[in-house]
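Q: A structural model of the following input is requested.
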Amino acid sequence: MDTERLVVALPPDDDDRASSHASGVLGQSSQPPFVLKQAPSLHDAASLLHDGHVDLLVASAQMWGEMEQNGLTIAACLQRREPTWVMVSDDKPEMLHHEAKVGCDHPLLERQLTRLRPDLVLIDPRTMNDAWDDMSGVERTAWYEQTRQRGTLEGYVIPRSLHRSLPGRPPRRHTLGLHRDDPTRPRFVPPPLGGLTLLISRSGFPNEQLKPMSDAGALLAHRIERAMLAAVPAVLRPITGIHVERRRPATLLMEAAKVEDEHTLESMLDPEASLKTKGHRVEIIIETLGAGGRGSASSERVFPVEHTHTGMVRALEEWSEVLQAMTSEHAALVKGAHFMGEFEASFSEAHGAMMRLEDG
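A: Residues are numbered from 1 along each chain as shown. Here you go, the predicted structure:
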């Protein structure tokens with residue numbers, strides 16, 4: 001018996017280009033077969049779904065957060081694409097010449113780049129293009145590349161998905177990554193919820209046939225990153241990176257051994273060097289950067305999948321405590337600090353906050 005075709009609405013791409021991603025994946029599927037239907041807007045796509053004219057709607061995680069969700073649910077999540085951002089430039093960020101001009105329109109990436117290279121001249125493209133906020137991600141990327149080709153900019157920073165929107169042979173890109181293999185390098189914890197492609201259905205829609213293409217790790221990352229983002233005060237969200245990933249224990253152990261991370265090794269292995277608990281682990285990283293890339297408040301945790309909620313809560317608590325300590329003024333110690341030895345005097349003095357969230 002032939003499998004019934006599922007009709008899928010594809011709204012226009014946002015910066016995450018979920019519809020383009022889904023078109024490639026769903027267009028190759030025969031079990032079940034999909035009929036892809038372009039919609040002029042996200043609102044139109046949602047109306048088609050609500051009215052029963054289509055079975056599914058493709059949305060990025062950002063789109064889903066902006067939608068009216070009553071009567072709708074996440075039926076599946078495709079395998080996550082790499083959520084990190086990239087710099088498009090001839091040289092790596094570390095190799096760009098002194099005071100190179102780089103386009104960057106995201107406050108978190110701006111602070112991360114400044115932490116890496118304080119000498120870079122980071123330019124908000126809005127100062128060069130009055131229509132920037134009215135342009136699509138594809139249009140902004142094309143403008144960036146034209147500006148780089150003219151020599152006005154040496155590079156620019158964009159979500160990885162937008163790099164693929166450039167026509168012809170795309171220019172060189174350099175990943176702004178987590179640098180797990182080298183903890184001495186400043187890392188780029190990405191803005192949350194990137195690289196996620198969701199299939200949205202009406203509540204009660206039978207989604208059994210979608211399970212083979214739905215990725216459990218991506219669903220978990222979406223659920224935890226969205227919950228963590230909701231717990232971060234709105235004023236801090238633009239300068240806070242969050243990354244959640246389900247990972248294999250063997251990979252984590254290899255990385256820990258390479259960088260001599262005794263804490264991770266001891267937390268995962270028993271005295272006989274066997275895993276304390278089997279199964280995948282969940283890695284959570286959250287980091288807020290101070291103004292000018294100076295100072296950060298972060299928490300990083302790895303735990304078994306069954307402890308996901310507890311691990312998330314503890315990571316948020318730890319991040320909040322560090323943030324409070326880093327941004328608070330410190331009064332002088334009345335009783336002194338004899339345990340600091342020769343550093344007692346400077347340690348005991350009153351001092352300002354170690355991290356400022358805003359310049360000034």
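
Q: the strands in this protein, which residues?
A: For the chain, the strands defined by DSSP state E cover 6-10, 34-38, 56-60, 72-77, 85-89, 101-103, 121-123, 155-159, 173-176, 197-202, 240-247, 281-289, 296-304.

Q: give me whichever of those strands is most buried.
A: Across the strands of the chain, averaging neighbours per residue (mean count of other C-beta atoms under 10 Å) puts strand 56-60 on top, at a mean of 28. No exception for glycine: its C-beta is placed from N, CA and C like everyone else's.

Q: ok, it: who's next to it in the sheet?
A: Strands that pair with strand 56-60, judged by DSSP bridges, come out as strand 6-10 (parallel), strand 197-202 (antiparallel).

Q: one step back: could you save the strands of the chain as TSV and add columns showing distance to residue 271 and mean pLDDT?
A: Output for these, formatted as TSV (distance: least, C-beta to C-beta, whole Å; pLDDT from 0 to 100):
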stretch	distance to residue 271	mean pLDDT
strand 6-10	52	97
strand 34-38	52	95
strand 56-60	46	98
strand 72-77	39	97
strand 85-89	42	97
strand 101-103	50	98
strand 121-123	50	98
strand 155-159	45	98
strand 173-176	38	96
strand 197-202	43	98
strand 240-247	23	96
strand 281-289	20	95
strand 296-304	19	93
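
Q: out of those strands, nearest to residue 259?
A: Of all the strands of the chain, strand 296-304 sits nearest to residue 259, with 12.9 Å by C-beta to C-beta.

Q: got the CA coordinates for that closest one in PDB?
A: Output in PDB follows, covering the C-alpha atoms of strand 296-304 (Å, rounded to 0.1, in the frame of the first residue of the first chain):
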ATOM      1  CA  SER A 296      32.800  36.600  31.500                       C
ATOM      2  CA  ALA A 297      30.400  34.600  33.600                       C
ATOM      3  CA  SER A 298      30.000  31.000  32.500                       C
ATOM      4  CA  SER A 299      29.000  27.500  33.500                       C
ATOM      5  CA  GLU A 300      29.900  24.300  31.800                       C
ATOM      6  CA  ARG A 301      28.400  20.900  32.800                       C
ATOM      7  CA  VAL A 302      28.300  17.300  31.500                       C
ATOM      8  CA  PHE A 303      25.900  14.800  32.800                       C
ATOM      9  CA  PRO A 304      23.900  11.700  31.900                       C
END
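
Q: before we move on, the earlier item: export the strands of the chain as a markdown table, with columns for distance to residue 22.
A: Putting these into a markdown table (distance: least, C-beta to C-beta, whole Å) gives the following:
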| stretch | distance to residue 22 |
| --- | --- |
| strand 6-10 | 7 |
| strand 34-38 | 8 |
| strand 56-60 | 4 |
| strand 72-77 | 10 |
| strand 85-89 | 21 |
| strand 101-103 | 29 |
| strand 121-123 | 33 |
| strand 155-159 | 17 |
| strand 173-176 | 23 |
| strand 197-202 | 5 |
| strand 240-247 | 21 |
| strand 281-289 | 25 |
| strand 296-304 | 31 |
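
Q: longest helix of this structure?
A: helix 308-327 (DSSP state H).

Q: so where's the stretch 1-150 of the chain shaky on pLDDT?
A: Applying pLDDT under 70 to the stretch 1-150 of the chain flags residues 1-3.

Q: how about the helices in it?
A: Under the criterion DSSP state H, counting those that start in this stretch, helices of the stretch 1-150 of the chain are mapped to 18-26, 42-50, 61-66, 107-116, 137-149.

Q: give me the residues contacting the third one.
A: Think helix 61-66. Contact partners of helix 61-66, identified using C-beta atoms under 8 Å, 6 or more residues apart in numbering, comprise 11, 14-16, 18, 42, 74, 193-194, 196, 198, 200, 222, 225-226.

Q: now do stretch 176-192
A: Residues contacting stretch 176-192 (C-beta under 8 Å, 6+ apart): 83-87, 93, 106, 108-109, 112-113, 115-116, 157, 225-226, 228-229, 240-243, 255, 258-259, 261, 285-287, 298.
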